[in-house]
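# model this:
(chains A and B)
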Amino acid sequence: MLTPPRLDAAAMAMVAAREFHDGAVVNLGIGLPLACADYVPAGREVILHSEHGLMGYGPLAQHPDEVDPYVFMVGNRPVRPKPGMVFMGHAESFAIVRGGHIDVTVLGGLQVDAAGNLANTHAPGKVAGNLGGAPDLATCAKRTVVLMYHTARDGSPKVVERCTLPLTAVACVDRIVTDVAVIDVTGAGLLLQEVAPGWAPEAVQAITGAPLTVAPDVREMSLA
Amino acid sequence: MIDKVVQSFDAAVRDIQPGARIHCGGFASPFNMPSYLIAALARNGADGLMLASTSAGTGPENAQALREQLADIVAWPLDYWDPGLLAQLGRIRRLITSFPVGTGSAVKWPFEAALERGEVELELTGQGSLAERIRCARAGIAGFYTPVGPGTAVAEGKEVRDFDGVPHVLERALHADFALIRAWKADRYGNLIYRGARTFNETMAGAARVTIAEVDEVVPLGDLAPEAIHTPGVYVQRVVVRPSSPSASWEAPC
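Residues are numbered from 1 along each chain as shown, chains lettered A, B, ... in the order given. Take a look at the predicted model:
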């Protein structure tokens, strides 16, 4: 049997962006999550926060005439200024994070385990990891969504029974969005909520390193 | 008369000694880095530095690669130098940071290479705890309990205490001898305003014995509206103005 296609990065970002309610304050991690900014559901207004002291920024600048040299987000990427935008310093920016004022954070992941522990900073083979603001965001945001490919480049599972890589934060993940599934972390383990079009729950389980409970109303992801 | 304006970058960093503890601001944008202060510190030659910075810095080669990569979007300044320059020159002994290594960079970050060779020490810390440790140094707070870190490597060797059933890690204030920061406008009292995200520039002001601000412009006293000042001058000991035309090399006296 042919394996059904997996979601591409844009579709993954779109699925994760459904988490943003109207008025949500959102922080997007470096990598895949950045694209979520382009898929905020129609009719909802969200405020994007960047750790270095920027709140309420607009989309990525695509042309030089859209660039304000003083409006960058993390990763050295110029973004478009937006009415209502606020600048601050790092201490204030992390008071916002630690104080629980971020509604949703979407972070990249290397491993997430059945207890909701997250490893997303220390790539194998690197002499050290980059913590960045991930420990603060993962621990203190009201909701932590991890957006990552379901398996590593070598095919090994990234959703695992127990993380083996250095932890970013413990028991912090609420939801995992991958290129084949949407999985919630619950007190009773991992709950498979949605599958990518064409994927059966059994096929998702087969490439997952921890047992999944299939939600009674498990459904196919809507990509419309 | 109070006048904190110093005439050159070299003069502003002259008394930084080997082994000094340095806070270095800036992050995420080439336009908020205290580049001329970093270059002057590189010319000063002090080594064995204990540096605190959000990031270990990309170093000159990666900066050039980024300059080319982003050329269609933004004119990346030629006079951009980050802590990677100090790492490349072997001046850093110990770095306290949240971003020690490069990902997808053209060449390995200089600090990362030195770490692999075992020549430097790393204290890896999350960005929020780094920021609050520095804010505490400015504010005279010895330490704080944060819910960030329990159960992970950053909590090793530190007190962990429950508050309302939630484990918190005790983090200590992080003081420095010198803070190198970048701002937009200053007056002779050292009052500062910034453009864009204020990053660690604002957070580090006042967390060191001597805070040195690299600014675009010094304006007459009274020109900065009192309600618009971000950093009160009491936190700042020295102010230096960036040159009107960019310096071609970090090695050129300035």
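
# ok, how many other residues are close to residue 115?
With no chain named, the answer covers chain A. The local packing of A:Ala115 (other CB atoms under 10 Å in any protein chain shown) involves 17 other residues. Glycine gets a C-beta too; all of them are placed from N, C-alpha and C.

# let's do chain B instead
By the criterion of other CB under 10 Å, B:Leu115 has 22 neighbours.

# can you tell me which residues contact it?
Each residue near B:Leu115 by CB atoms under 8 Å, 6 or more residues apart in numbering or on different chains is listed here: A:127-128, B:100-101, B:122.

# go on, B:Arg172?
Counting by CB under 8 Å, 6+ apart, B:Arg172 has contacts B:133, B:136, B:142-143.

# Narrow the residues you listed to just the buried residues.
Using 16 or more other CB atoms under 10 Å in any protein chain shown as the burial test, the contacts of B:Arg172 include B:133, B:136, B:143 as buried.

# Excluding covalently adjacent residues, which one is nearest to B:Asp79?
Counting by CB to CB, 6 or more residues apart in numbering or on different chains, B:Pro246 is the residue found nearest to B:Asp79 once chain neighbours are left out, at 3.9 Å.

# ok, the one you found to B:Ala39 distance?
Distance, B:Pro246 to B:Ala39, using CB to CB, to the nearest Å: 11 Å.

# Among those two, which residue is more densely surrounded?
Just comparing B:Pro246 and B:Ala39: by other CB under 10 Å the higher neighbour count belongs to B:Ala39, 25 against 12.

# Give the other helices and strands that the helix or strand where A:Gln205 lies contacts.
Taking DSSP states H and E as the criterion, A:Gln205 maps to helix A:201-206. Helix A:201-206 sits against strand A:189-195, strand A:212-220, with contacts defined as 3 or more CB pairs under 8 Å, 6 or more residues apart in numbering or on different chains; DSSP states H and E.

# rerun at 6 Å
strand A:212-220 (3 or more CB pairs under 6 Å, 6 or more residues apart in numbering or on different chains; DSSP states H and E).

# The strand it packs on pairs with which strands, and in what direction?
Looking at strand A:212-220 with DSSP bridges, its paired strands and their directions are strand A:189-195 (parallel).

# Please work out how many residues are found near the residue nearest to B:Gly206 when sequence neighbours are not counted.
Here the nearest residue to B:Gly206 in space, its sequence neighbours aside, is B:Tyr235; by CB to CB, 6+ apart that works out to 3.0 Å. Under the neighbour criterion other CB under 10 Å, B:Tyr235 is assigned a count of 20.

# which residues touch B:Tyr235?
B:205-206, B:211 (CB atoms under 6 Å, 6 or more residues apart in numbering or on different chains).

# how about a cut-off of 7 Å?
Contact partners of B:Tyr235, counting by CB atoms under 7 Å, 6 or more residues apart in numbering or on different chains, are B:138, B:205-206, B:211.

# Could you tell me the phi and psi values at it?
When quoted as degrees, to the nearest 10, the phi and psi of B:Tyr235 stand at phi -80, psi -10.

# what's the distance between it and B:Ala153?
According to CB to CB, B:Tyr235 stands 32 Å off from B:Ala153.
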